[in-house]
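Participant: this is a predicted model, with the sequence first.
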Amino acid sequence: MGRLPRLLAPLLACTALALTAAPAQAIVGGHDAQPGEYPAVAEVVIAQTFHCTGTLIAPTWVLTAGHCGSITGDLVATPAGWPPQLIDVLLGSVHPGQGQLQPVQKVVVEPSYLLTNGHDITLLQLASPAPFAPVRIAGAGETGLWSPGTLETIVGFGVTSESAQQPPDTLQQAQVPITTDAYCANAYGSSFDPATMVCAGYPQGGTDTCQGDSGGPLFGHTATGELKVVGATSFGNGCAEPGQPGVYARVAGPELRNWIASEAPDAVDPPDASGTEAVSVSSPPPAARSSSRPAAKRHHTRKRSTRRCRRVRRRVHGHVRTVKVCHKAKKHHARHKTTRR
């Protein structure tokens, strides 16, 4: 099965811009979040078509995936963000389409996205501060929050199985352990970049992010129970497959954390942050198994898609681009809670 981004695209023709890599998903093997449990988790809707998840990491900044924020196809090396007026950010509700709409004034895609397999993050600057408490990126002194074997929480508005045609009506959450970099490299080969990616999942599969979860948080937990963002959902081979952990942007690692801090300084914990004991899994993931599956490039629906698709040339926003056309789904209003497919 090919590598899939974890972004959900429910357009009439289900078109997706062709990118160099593919991520997007919903939570598989999880359960409903309670009202008010994750007020910083955002529903992100692009052009009333593509559905992602995000995290409020500062009063005016939301973190999501690079493949969610970038409109640029793989024929252009430098990523260009979607026009901010085409992006809806909804916060404060566990039900799709029912959160408070927060207008976006600026879209900043990590500059190295498209040049490499990694760097899969976008920052959305809100027009005004959101009325919810943000969850910041873990600081340089908090690496213990996401060391191998540590249980993390994944949260997203995506589907609950690879074959699902529609996501649930409630935000989903689950827990997965961080794997070693060696385990992830064994699963994804040269597609894995340890500087900008981190993996999480059980060797037997069963719990994972999936379509619609792209950009959503991988939360670490301090000794006092405070949440910190240590990753952002990127891609995976299928959803919840054995030996194929989910891949997340390594936002708490120095490369991505420093870039985020350069754009949104109040979104990152300071280097001297304390209270960072990790909650470890009783049995860390075993050594990596070999995998004969080649990792596929990411594409703009981040990234778990098993739909039959073909590439065609179409005019998009006045430019001819290569796009992917998938199976038909009913057109719906992006903020309607029951029509995402």
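Facilitator: Right, received. Where do you want to start?

Participant: use CA for all of it now, contacts and neighbours both
Facilitator: Noted.

Participant: wait, doesn't His119 sit right on Ala249?
Facilitator: Yes: assessed by CA atoms under 8 Å, His119 is found in contact with Ala249 at 6.7 Å.

Participant: joint contacts of these two?
Facilitator: Common neighbours of His119 and Ala249 (criterion: CA atoms under 8 Å, 6 or more residues apart in numbering): 196-197.

Participant: what is the burial count for Glu37?
Facilitator: By the criterion of other CA atoms under 10 Å, Glu37 has 12 neighbours.

Participant: for Gly158, that is, sorry about that
Facilitator: 36.

Participant: with Glu226 instead?
Facilitator: Close neighbours of Glu226, defined as other CA under 10 Å, add up to 12.

Participant: next one: it from Ala138, what distance?
Facilitator: 11 Å (CA to CA, to the nearest Å).

Participant: low pLDDT regions in the stretch 201-341 of the chain?
Facilitator: Residues of the stretch 201-341 of the chain meeting the criterion pLDDT under 70: 271-341.

Participant: once you drop chain neighbours, what's closest to Leu227?
Facilitator: His221 (4.9 Å; CA to CA, 6 or more residues apart in numbering).

Participant: how far away is Val28 from Pro203?
Facilitator: In terms of CA to CA, Val28 sits 15 Å off from Pro203.

Participant: pretty sure Ala42 is in a strand, no?
Facilitator: Yes: according to DSSP: H, G, I helix; E, B strand; the rest coil, Ala42 belongs to a strand.

Participant: pretty sure it is touching Ile57, no?
Facilitator: No: under the criterion of CA under 8 Å, Ala42 makes no contact with Ile57, lying 10.4 Å away.

Participant: of the two, which one has the most company?
Facilitator: Each of Ala42 and Ile57 has its neighbours counted (other CA under 10 Å); Ala42 has more, 34 against 24.

Participant: beta-bridge partners for that one, please?
Facilitator: With DSSP bridges as the criterion, Ala42 is bridged to Gly54.

Participant: check contacts around it.
Facilitator: Taking CA under 8 Å, 6+ apart, we find Ala42 in contact with 53-56, 62, 89-92, 216.

Participant: looking at those, which are in strands?
Facilitator: Judged by DSSP state E, the subset of the contacts of Ala42 located in strands is 53-56, 62, 89-91.

Participant: in space, what's closest to Gly243 - neighbours in sequence excluded?
Facilitator: Nearest to Gly243 is Pro203, by CA to CA, 6+ apart, at 5.1 Å.

Participant: so the one you found: helix, strand or coil?
Facilitator: Applying three-state DSSP: Pro203 is coil.

Participant: would you say Pro39 is within a strand?
Facilitator: No: counting by three-state DSSP, Pro39 falls outside a strand, being coil.

Participant: right, and it touches Leu90 too?
Facilitator: No: applying CA under 8 Å as the test, Pro39 and Leu90 come out as separate, 10.0 Å apart.

Participant: more neighbours, those two?
Facilitator: The neighbour comparison of Pro39 against Leu90 (other CA under 10 Å) goes to Leu90, with 24 against 19.

Participant: wait, Val268 touches Arg136, no?
Facilitator: Yes: using CA under 8 Å, Val268 is in contact with Arg136, at 5.4 Å.

Participant: what's the overlap in contacts for those two?
Facilitator: What both Val268 and Arg136 touch, as defined by CA under 8 Å, 6+ apart, is the set Ile57.

Participant: how about stretch 121-128: buried residues?
Facilitator: For stretch 121-128, the neighbour count (16 or more other CA atoms under 10 Å) marks 121-126 as buried.

Participant: pLDDT averaged over it - what is it?
Facilitator: Taken as a whole, stretch 121-128 carries a mean pLDDT of 98.

Participant: neighbouring contacts of it?
Facilitator: With CA under 8 Å, 6+ apart, stretch 121-128 has contacts from 60-70, 102-110, 113, 215, 232, 249, 260.

Participant: show me which of those are buried.
Facilitator: 60-70, 102-104, 106-110, 113, 215, 232, 249, 260.

Participant: paired strands for the helix or strand harbouring Leu101, with orientation please.
Facilitator: In this assignment (DSSP states H and E), Leu101 forms part of strand 100-109. Sheet pairing of strand 100-109 (DSSP bridges) gives strand 87-91 (antiparallel), strand 122-126 (antiparallel).

Participant: residues contacting the nearest residue to Val176 once chain neighbours are set aside?
Facilitator: Leaving aside its sequence neighbours, Val176 sits nearest to Gly201 (CA to CA, 6+ apart; 5.0 Å). By CA under 8 Å, 6+ apart, the residues touching Gly201 are 176-179, 207-208, 240, 244-246.
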